[in-house]
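Colleague: give me coordinates for this.
(4 chains)
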Number of protein chains: 2
Amino acid sequence: MSSIREVARRSGVSVATVSRVFNTPEVVSRQTRQLVLGVAAEIGYLPNESARTLATKKSNMVGLVWDTDHRRPGWRHPFLQDILVALKSALSAHGLHLLMLAPDPGAGPADPQRFLRTVQRHDVDGVVIIDNGSRDPAVLALVDAAVPCVALDLQFTGPTCTYIASDNAGGGRLAAAHLIERGHRRIATITGPARNWPAAQRLAGFRETLAEAGITLADDDVVAGDFYLDSGHAAMTRLLARDPRPTAVFAAGDEMAVGAIKAIHEAGLRVPDDVAVIGFDDIEVAALIPPGLTTVTQDKIGFGTAAAESLMAMLAGTATPPAPTTLPTTLILRGST
Amino acid sequence: MSSIREVARRSGVSVATVSRVFNTPEVVSRQTRQLVLGVAAEIGYLPNESARTLATKKSNMVGLVWDTDHRRPGWRHPFLQDILVALKSALSAHGLHLLMLAPDPGAGPADPQRFLRTVQRHDVDGVVIIDNGSRDPAVLALVDAAVPCVALDLQFTGPTCTYIASDNAGGGRLAAAHLIERGHRRIATITGPARNWPAAQRLAGFRETLAEAGITLADDDVVAGDFYLDSGHAAMTRLLARDPRPTAVFAAGDEMAVGAIKAIHEAGLRVPDDVAVIGFDDIEVAALIPPGLTTVTQDKIGFGTAAAESLMAMLAGTATPPAPTTLPTTLILRGST
DNA sequence: TCATCGGATGTAATCGGTTACATGAAACCG
DNA sequence: CGGTTTCATGTAACCGATTACATCCGATGA
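Modeller: Residues are numbered from 1 along each chain as shown, chains lettered A, B, ... in the order given. Alright, predicted model coming up:
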């Protein structure tokens, strides 16, 4: 690989001038600029990123903090793939690269510094945090160190932090309105874990719209699951035992909705004729499972692009972090309602 | 951030000694080593990766080449998420980081050098290639430049390249054996695109085992799909029109299998009583869809770990690349057969 | 005509490491 | 005891960029 000195030598200018051609072209005379660019193209010169990072302390790399252990359940983020794609293209449009942050080799697996160390060693400019559900001290350490952070699907703020989340309450309202419009009055819901913020928001929005229609959810009509299939199945089984039985159920996650549908079928009932089901997330299965799951979809691509934009704003060096982004949710009509 | 010189100064040794403590500790006397480590820990010293890369030309970073455009169909790799997790943890166990390679900003979107340039600028040590189905010249450019490469789910070799793939033929055999064992004789299959290597292998293995049982697939019993839902539906519709109708169908991908099941149901027939269906891949839906899809599963985690290991071998500087890895496939029994 | 200004470029220090080579001291050996 | 090893450490060049500051030169204005 040719270096900047090689280009300088061949063009008969100093290295400083070559550097300027690439960084602040406007201060270089047109002729010199073209001469240097010509030589650079000819010998295939590419500025070395490490050298650049060393000199500037900016790496043009964004870290993805996503502490996963595939031996533990719950490591999957439902939209990871979509988010990743969107994030990557949005970032690269700004000339940024995405580094999957592995814990620092020199740190123990539970060391709260394990991400910060990697970030510092690589001069990573900012990080995107994929919610792993737990308030990991290693993530908080990033905030404390004033690393620009954008959290996804997780309420997370700080002097250098902001977050992106769906309008979960709005999605809950959409679900309620849809069921009401379909004529249901006897309605129940399968929510998420008690401390889960998106789940709580979905429930709140759902309740709100029901209340406006004069429907109140009894305590027994709200059953908590853990977002996985079996919990949806179990919850639905309990709901079917209610008397009178609900005619419609809103599940705070699609996988639980699928579990619910399974339970309904097992009880010898039909979807949507006996019980209508609406989910949340619009995961791949929703479209594939018969009779098709009506659901509230999140703007997965939006997560990625919004994260990139918030990050860009922080990297531009604003005094305060950008306000949290709320992404709209949409109703997807399928056969289950 | 403290530098190596700071550590050297405080420990009263030279920077070379500090460097040795971290890179070749065995050549440093015990006392000096402990002294230096103590000082380093005290002031929170971490070697800077850019400086290190600049000096050694090794970045400890592995690039993930995965050229996706979410506006085009087919950008999803079915196992990406699983592979990613496994790859990340396997790599970080070796102290390597994973960089999602964005095309070089200075290169056009179709520039065959767009990945190579990024690789070179960042001194990326090696790359993992996620098959996007097309023989992208930008990927070939990496091979030509002798970058250590490991391709996933794609037959791809070269002086610095190897690949990881499932035992697709074996999987095809498993599927055939299973259907035969279940007593089926009138069997058909939905295969993938003609030029798709894994699909061809699956078909070959499937045929082979059928032949051993004295069953031959008529041309009309082999219908090609594109791995997506609708093509499975369409293919199945054609197969149901055959006379006599097949009693069992092997789909080379789960999503096509789901489409097939849909078509079967729409024809007023039952799975598995009238037609049994077996898929391939074991994607999430397979477990969720009623009656549960019997399928051949690939070792997704294995893709990640095998890729990491092959890469490590190449980075260790062997003369020839490691032999391609074939991952075993397994039959997952569910309700559809 | 000369001081002044500003635009283009060069000089050289710097970023934070690695490593070939040099040095010095202790150990070993005939 | 002198010479040779061996081991631990230091010296300093080098990796490839950026950038503060210096310099040069032609244009401008009094």
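
Colleague: surely residue A:39 touches residue A:13?
Modeller: No - counting by C-beta atoms under 8 Å, residue A:39 does not reach residue A:13; the two are 9.2 Å apart. Yep, even glycine has a C-beta here, placed from its N, CA and C like the rest.

Colleague: of those two, who's got more company?
Modeller: residue A:39 (21 against 18; other C-beta atoms under 10 Å in any protein chain shown).

Colleague: in what helix or strand does that one lie?
Modeller: helix A:30-43 (DSSP states H and E).

Colleague: just residue A:77 next, same as before
Modeller: Per DSSP H and E, there is no helix or strand for residue A:77.

Colleague: repeat for residue A:138
Modeller: helix A:137-144.

Colleague: report the buried residues of that helix.
Modeller: By 16 or more other C-beta atoms under 10 Å in any protein chain shown, the buried positions in helix A:137-144 come out as A:138-139, A:141-143.

Colleague: which of those residues lies closest to residue A:125?
Modeller: residue A:142 (12.5 Å; C-beta to C-beta).

Colleague: distance of that closest one from residue B:88?
Modeller: Separation of residue A:142 from residue B:88 (C-beta to C-beta, to the nearest Å) stands at 18 Å.

Colleague: please apply the same query to residue A:201.
Modeller: When residue A:201 is compared with residue B:88 (using C-beta to C-beta), they lie 30 Å apart.

Colleague: neighbour count winner among these two?
Modeller: The residue with more neighbours, out of residue A:201 and residue B:88, is residue B:88; 25 against 21, by other C-beta under 10 Å.

Colleague: show me what the helix or strand hosting the more buried one is packed against.
Modeller: According to DSSP H and E, residue B:88 maps onto helix B:80-93. Counting contacts by 3 or more C-beta pairs under 8 Å, 6 or more residues apart in numbering or on different chains; DSSP states H and E, helix B:80-93 packs against helix A:80-93, strand B:61-65, strand B:97-100, strand B:126-130, helix B:300-315.

Colleague: looking at those, which one has the lowest mean pLDDT?
Modeller: Between these, the one with the least mean pLDDT is helix A:80-93; it has a mean of 89.

Colleague: run through who's touching it.
Modeller: With contacts defined as C-beta atoms under 8 Å, 6 or more residues apart in numbering or on different chains, helix A:80-93 is touched by A:62, A:64, A:66, A:77, A:97-98, A:128, A:130, A:152, A:300-305, A:307-309, A:311, B:68-70, B:75-76, B:80-81, B:84, B:100, B:102-103, B:105.

Colleague: buried stuff in stretch A:200-208?
Modeller: Result for stretch A:200-208 [16+ other C-beta under 10 Å]: buried residues A:200-203, A:205-207.

Colleague: so which of those are in helices?
Modeller: Cross-referencing these against helices under DSSP state H gives A:200-203, A:205-207.

Colleague: make a markdown table out of those residues and add distance to residue B:188 and pLDDT.
Modeller: Below are those laid out as a markdown table (distance: C-beta to C-beta, whole Å; pLDDT from 0 to 100):
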| residue | distance to residue B:188 | pLDDT |
| --- | --- | --- |
| A:200 | 50 | 95 |
| A:201 | 48 | 96 |
| A:202 | 44 | 97 |
| A:203 | 47 | 97 |
| A:205 | 48 | 97 |
| A:206 | 46 | 98 |
| A:207 | 51 | 97 |
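
Colleague: from the residues you listed, which single one is nearest DNA strand D?
Modeller: Distance ranking of those against DNA strand D, using C-beta to the nearest atom of the strand, places residue A:201 first at 43.5 Å.

Colleague: and the strands in the stretch 101-250 of chain A, which stretches?
Modeller: A:126-130, A:149-152, A:161-166, A:187-191, A:222-224, A:248-251 (DSSP state E, counting those that start in this stretch).

Colleague: can you dump the C-alpha atoms of the fourth one in PDB for me?
Modeller: As requested, the backbone C-alpha atoms of strand A:187-191 are provided in PDB (Å, rounded to 0.1, in the frame of the first residue of the first chain):
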ATOM      1  CA  ILE A 187     -61.900  -7.900  25.400                       C
ATOM      2  CA  ALA A 188     -58.700  -9.200  27.200                       C
ATOM      3  CA  THR A 189     -55.000  -8.800  26.800                       C
ATOM      4  CA  ILE A 190     -51.800 -10.700  27.200                       C
ATOM      5  CA  THR A 191     -49.100  -8.200  28.300                       C
END
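
Colleague: packing partners of that strand?
Modeller: Strand A:187-191 sits against helix A:197-212, strand A:222-224, helix A:229-240, strand A:248-251, helix A:254-266, with contacts defined as 3+ C-beta pairs under 8 Å, 6+ apart.

Colleague: adjacent strands (with direction) for that strand?
Modeller: Sheet pairing for strand A:187-191, assigned by DSSP bridges, gives strand A:222-224 (parallel), strand A:248-251 (parallel).

Colleague: deepest of the ones you listed, which one?
Modeller: strand A:248-251 (a mean of 31; mean count of other C-beta atoms under 10 Å in any protein chain shown).

Colleague: ok, residues contacting that strand?
Modeller: Against strand A:248-251 from outside (C-beta under 8 Å, 6+ apart): A:172, A:175-176, A:179, A:182, A:184, A:186-190, A:206, A:225, A:232, A:235-236, A:239, A:257, A:260, A:275-280, A:337.

Colleague: wait, what's in contact with residue A:149?
Modeller: Counted by C-beta under 8 Å, 6+ apart, residue A:149 has contacts A:126-129, A:142-143, A:156, A:158, A:160-162.

Colleague: excluding chain neighbours, what is closest to it?
Modeller: Leaving aside its chain neighbours, residue A:149 sits nearest to residue A:161 (4.2 Å; criterion: C-beta to C-beta, 6 or more residues apart in numbering or on different chains).

Colleague: that neighbour pairs with what?
Modeller: Beta-bridge pairing for residue A:161 (DSSP bridges): residue A:149, residue A:158.

Colleague: count the neighbours of it for me.
Modeller: 23.

Colleague: got the confidence number for it?
Modeller: 94.

Colleague: pLDDT weak spots in the stretch 201-337 of chain A?
Modeller: Judged against pLDDT under 70, the stretch 201-337 of chain A has no low-scoring part.

Colleague: what parts of it come near chain B?
Modeller: Contacts of the stretch 201-337 of chain A with chain B, taken as C-beta under 8 Å from any C-beta of the partner chain, map to A:229, A:255, A:258, A:262, A:265, A:283-285, A:287-290, A:301.

Colleague: by neighbours, which of the residues you listed wins?
Modeller: residue A:258 (28 neighbours).

Colleague: so that one sits against residue A:227, correct?
Modeller: No - Residue A:258 lies out of contact with residue A:227 (C-beta under 8 Å); the separation is 11.4 Å.

Colleague: JSON lines for the contacts of residue A:149, including distance to DNA strand D?
Modeller: Listed next are the contacts of residue A:149 as JSON lines, based on distance: C-beta to the nearest atom of the strand, whole Å:
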{"residue": "A:126", "distance to DNA strand D": "18"}
{"residue": "A:127", "distance to DNA strand D": "22"}
{"residue": "A:128", "distance to DNA strand D": "25"}
{"residue": "A:129", "distance to DNA strand D": "28"}
{"residue": "A:142", "distance to DNA strand D": "24"}
{"residue": "A:143", "distance to DNA strand D": "27"}
{"residue": "A:156", "distance to DNA strand D": "31"}
{"residue": "A:158", "distance to DNA strand D": "27"}
{"residue": "A:160", "distance to DNA strand D": "21"}
{"residue": "A:161", "distance to DNA strand D": "26"}
{"residue": "A:162", "distance to DNA strand D": "26"}
